[in-house]
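>>> What shape does this take:
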Amino acid sequence: MFETFKNLKISGRAEEIMAAVSGADLTCGSRNYTAASGIVTMAAHGLGEVICVTVGDSAEESEEEMIVDLEELIECRLEDAEIIIHEECNWPHPRMKGSTRFIQVEIFKGYV
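Numbers count the residues shown, from 1 in each chain. The predicted model follows:
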């Protein structure tokens, strides 16, 4: 589990984007949760969108199936996304029953 996520690279602009986003007005746009994953989309007004993807190791579907579903929801391929945060946590996620660890990735989509 998490092999796809382990290979994701942090954007060279991550610090710059995080600084800009931290000063922006943020509004939560949508939330999509399952027993083993969550996607939260926030608008960073004037900048773009931040998508937080959290996946626990308690997923019943295969990693390949999960990636297809996630990419459909975030509307881009993970390896093409601009990753600004990538954390692997070796403790159970409080909302994901049966998980022993989880991974969290934040993606930035700037306005075009």
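>>> What distance do you get for residue 32 to residue 70?
10 Å (Cβ to Cβ, to the nearest Å). Bear in mind the C-beta positions are built from the backbone N, C-alpha and C, glycine included.
>>> any residues in contact with both of those two?
Each of residue 39 lies in contact with both residue 32 and residue 70 under the rule Cβ atoms under 8 Å, 6 or more residues apart in numbering.
>>> which of those two has more neighbours?
residue 70 (21 against 14; other Cβ atoms under 10 Å).
>>> Which strand or helix spans that one?
Element membership for residue 70, per DSSP states H and E: helix 63-74.
>>> which helices and strands sit right next to that helix?
Contact analysis of helix 63-74 by 3 or more Cβ pairs under 8 Å, 6 or more residues apart in numbering; DSSP states H and E lists helix 3-6, strand 37-44, strand 48-56 as its packing neighbours.
>>> show me where pLDDT drops low in this structure?
1, 112 (pLDDT under 70).
>>> so residue 16 sits in a strand?
No - with DSSP: H, G, I helix; E, B strand; the rest coil as the criterion, residue 16 is located in helix rather than a strand.
>>> Please identify the buried residues of stretch 32-50?
36-44, 47-50 (16 or more other Cβ atoms under 10 Å).
>>> check contacts around the most centrally placed residue in the chain.
With distances taken as Cα atoms, centre = their mean, residue 53 lies nearest the centre of the chain, 2.3 Å away. Neighbouring residues of residue 53 by Cβ under 8 Å, 6+ apart: 37, 38, 39, 70, 74, 104, 105, 106, 107.
>>> My guess is the third one contacts residue 32. True?
By that I understand residue 39. Yes - using Cβ atoms under 8 Å, residue 39 is in contact with residue 32, at 4.5 Å.
>>> Need the residues touching each of the two.
residue 73.
>>> where's residue 103 relative to residue 44, distance?
From residue 103 over to residue 44 (counting by Cβ to Cβ), the distance is 22 Å.
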